[in-house]
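[1] Give the three-dimensional model of this entry:
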Amino acid sequence: MGRPPSGTRGSPGLPGMARARSTPPPRPAPATSDGITGVPKPFQLGLPAFDAFPRKLWSRLVARQARELSAADMTYPEHAGYLPLREAIAAYLAVARGILCDSRQIVITSGYQGALDAIGRVLLRRDDRVWFEDPCYHLARAALERADIALVPIRVDSEGLRVTDGMARARDARLAIVTPSHQAPLGVALSLPRRLALLAWASEAGAYVVEDDYDGEFRYTGRPLPALKSLDRADRVLYAGSFSKVLFPGLRLGYLVLPEELVDTFSSAILSRSAAASSFEQRVVATFMREGYFARHLKRMRSLYAARRQALADALAAVFGNRLAIDLEPGGMHLVARLSGDVRDADLTRKAQAAGFAVDALSSRVIKHRREGGLLLGFTNIPEAEAITMCRRLERVIGADLA
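    Down below sits the predicted model:
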């Protein structure tokens, strides 16, 4: 079962956490394409389609909230987050992700990094071991490693995390962090047998599972997969969602759905810290959701991304032929282009980035288990009409190395 609040202590290296005065602040992790600020570059990962965001509607909602701002709204925000937003999230998750929860189980965070910060402070001790997908989401890896958390890399294959490998290597792990709907970065989904095995392990071991629902809303074949949390009968899953990719990352808004037994523990931990998420922006997002705009926006984005994904895959095939093999997984916001021969993806990435392309190397996401190289290519900000032009430009930069 979960440890009581008195039995935990902070993991001092997670983002936003106080460190000992004698310890210098960590250097920021090198930015990859999904960490770059400013105007999106071609093929940049982790960004929604900015050209399709309903700016006029959003501006009207912002103006309305500003007009309606009262003295009560200008005080310190609720430590768990704006209640109407938490209620709107609970209603959305019930319909879209199959998660039945109460608003009191939801905590608003400063994006996914804020969720990791809270999880680290409440659940993890320095010596605790954590199952972590390999290859992985590199920003989460960097945050946990800075906190001296002992990550146990678990190989990912075509069915997702190899749960039996995790039990063989670290059956006593405190936590498993997974991206089951759309694995970051391979794009595969965690199979049903492995989902059930993961939940069974967590229940038997008294461990928890953090479900990072990375791109879970964007699936182009059939309906979006139900969340792992929807299968969680033993209440061991912490579900982490974010508005960064479904709206825009500048919001810095995310949320956690907590197991019942952790609600009070998290509430105490969060109450001891200043709220990081802006209450005004929470009010705008709550209105956007309650009035039906959020569901309509997601529907439009799924259609748009399906078209842009197919256009980029077709353009890559037309321009590069069999020099690149495209993994066309059912969901997500990027493609994986596999390489053949002895060419190194890191070399290609350096050339592409020097030429202004935000291409990432699959090998940069690997922790321990070596695998074939590949290029990670975002498609969300490449209109269909521009896909062939972008691929030809990229081919002029790296094509000779692929011959």
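[2] what's the next secondary structure element after the longest helix seen in the chain?
    When the chain is parsed with DSSP state H, its longest helix is helix 293-320. Heading C-terminal from helix 293-320, the first helix or strand you meet, by DSSP states H and E, is strand 324-327.
[3] what comes into contact with that next one?
    Strand 324-327 has contacts (Cβ atoms under 8 Å, 6 or more residues apart in numbering) with 186-187, 313, 316-317, 335-340, 374-375, 402. C-beta coordinates here come from the backbone N, C-alpha and C atoms, glycine included.
[4] picking up where we left off before, now do the longest helix of the chain: distance to the chain's middle.
    How far helix 293-320 lies from its chain's middle: 19 Å, per Cα atoms, centre = their mean, to the nearest Å.
[5] buried ones in it?
    Applying a neighbour-count criterion of 16 or more other Cβ atoms under 10 Å, one finds 294, 297-298, 301-302, 304-305, 308-309, 311-313, 315-316, 319-320 buried in helix 293-320.
[6] For Thr287, state which of those is nearest.
    Phe294 (9.7 Å; Cβ to Cβ).
[7] pLDDT score assigned to that closest one?
    Phe294 is assigned 97 on the pLDDT scale.
[8] which residue packs closest to it, ignoring adjacent ones?
    Sequence neighbours aside, Phe288 is the residue nearest to Phe294 in space, at 5.3 Å (criterion: Cβ to Cβ, 6 or more residues apart in numbering).
[9] Check Ile106 too.
    The shortest distance from Ile106 to any non-neighbouring residue, by Cβ to Cβ, 6+ apart, is to Arg86 (4.2 Å).
[10] what helix or strand is that neighbour on?
    Element membership for Arg86 (DSSP H and E) is helix 83-96.
[11] what's downstream of that helix, the next helix or strand?
    Assigned by DSSP H and E, the successor of helix 83-96 is strand 106-109.
[12] Name the spans of this protein whose pLDDT lies under the cut-off.
    Applying pLDDT under 70 to the chain picks out residues 1-38, 271-276.
[13] and the residue of it most remote from its centre, backbone torsions?
    The C-alpha centroid of the chain is most remote from Ala71, which lies 35.2 Å away (Cα atoms, centre = their mean). Here is the backbone geometry of Ala71 (degrees, to the nearest 10): phi -60, psi -40.
[14] same check, this time on Arg155
    Per-residue torsions, Arg155: phi -60, psi 140 (degrees, to the nearest 10).
[15] Pull the number of nearby residues for it.
    By other Cβ atoms under 10 Å, 16 other residues sit near Arg155.
[16] what's the nearest residue to it if we skip its chain neighbours?
    Distances taken as Cβ to Cβ, 6+ apart place His369 nearest to Arg155, at 4.7 Å, with adjacent residues excluded.
[17] Verify the contact between that neighbour and Asp134 for me.
    Yes - with contact defined as Cβ atoms under 8 Å, His369 reaches Asp134; the gap is 5.0 Å.
[18] what do those two both touch?
    Pro153, Arg155.
[19] These two: which is more packed in?
    Asp134 (22 against 14).
[20] which residues does the more buried one contact?
    Pro153, Ile154, Arg155, Val156, Val366, Ile367, Lys368, His369.
[21] just Gly81 next, same as before
    Shown in contact with Gly81 (Cβ under 8 Å, 6+ apart): Ile106, Val107, Ile108, Tyr255, Ala275, Ala277, Gln282.
[22] Show me where the stretch 301-403 of the chain has its helices.
    For the stretch 301-403 of the chain, applying DSSP state H, counting those that start in this stretch gives helices covering 345-354, 387-402.
[23] For the ones you listed, please prepare JSON lines with the additional fields mean neighbour count and distance to Leu231.
    Compiled in JSON lines, the helices of the stretch 301-403 of the chain are given as follows (neighbours: other Cβ atoms under 10 Å; distance: least, Cβ to Cβ, whole Å):
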{"stretch": "helix 345-354", "mean neighbour count": "18", "distance to Leu231": "35"}
{"stretch": "helix 387-402", "mean neighbour count": "17", "distance to Leu231": "37"}
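[24] In JSON lines: those helices, plus distance to Pro259.
    Shown next, in JSON lines, are the helices of the stretch 301-403 of the chain (distance: least, Cβ to Cβ, whole Å):
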{"stretch": "helix 345-354", "distance to Pro259": "39"}
{"stretch": "helix 387-402", "distance to Pro259": "43"}
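[25] Which one of those lies nearest to Ser242?
    helix 345-354 (25.4 Å).
[26] Compute the distance from the centre of the closest one to the centre of its chain.
    Centre to centre, stretch against its chain (Cα atoms, centre = their mean), the figure for helix 345-354 is 24 Å.
[27] sorry, back to before: Glu291 versus the residue farthest from the centre of the chain, what's the distance?
    Noted for Ala71: a distance of 25 Å to Glu291, by Cβ to Cβ, to the nearest Å.
[28] ends of stretch 254-269, how far apart?
    17 Å (Cα to Cα, to the nearest Å).
[29] next one: stretch 121-133
    21 Å.
[30] what about the nearest residue to Val397 once chain neighbours are set aside, how many neighbours?
    The shortest distance from Val397 to any non-neighbouring residue, by Cβ to Cβ, 6+ apart, is to Ala355 (4.6 Å). Neighbour count of Ala355, defined by other Cβ under 10 Å: 14.
[31] I figured Ala355 was touching Glu395, is that so?
    No - counting by Cβ under 8 Å, Ala355 stays clear of Glu395, with 11.2 Å between them.
[32] looking at it, Lys351 is touching Val397, isn't it?
    Yes - using Cβ under 8 Å, Lys351 is in contact with Val397, at 5.6 Å.
[33] For the residue nearest to Ile106, the count of nearby residues, please.
    With other Cβ under 10 Å as criterion, Arg86 counts 24.
[34] doesn't Tyr92 make contact with it?
    No - using Cβ under 8 Å, Arg86 is not in contact with Tyr92, being 10.8 Å away.
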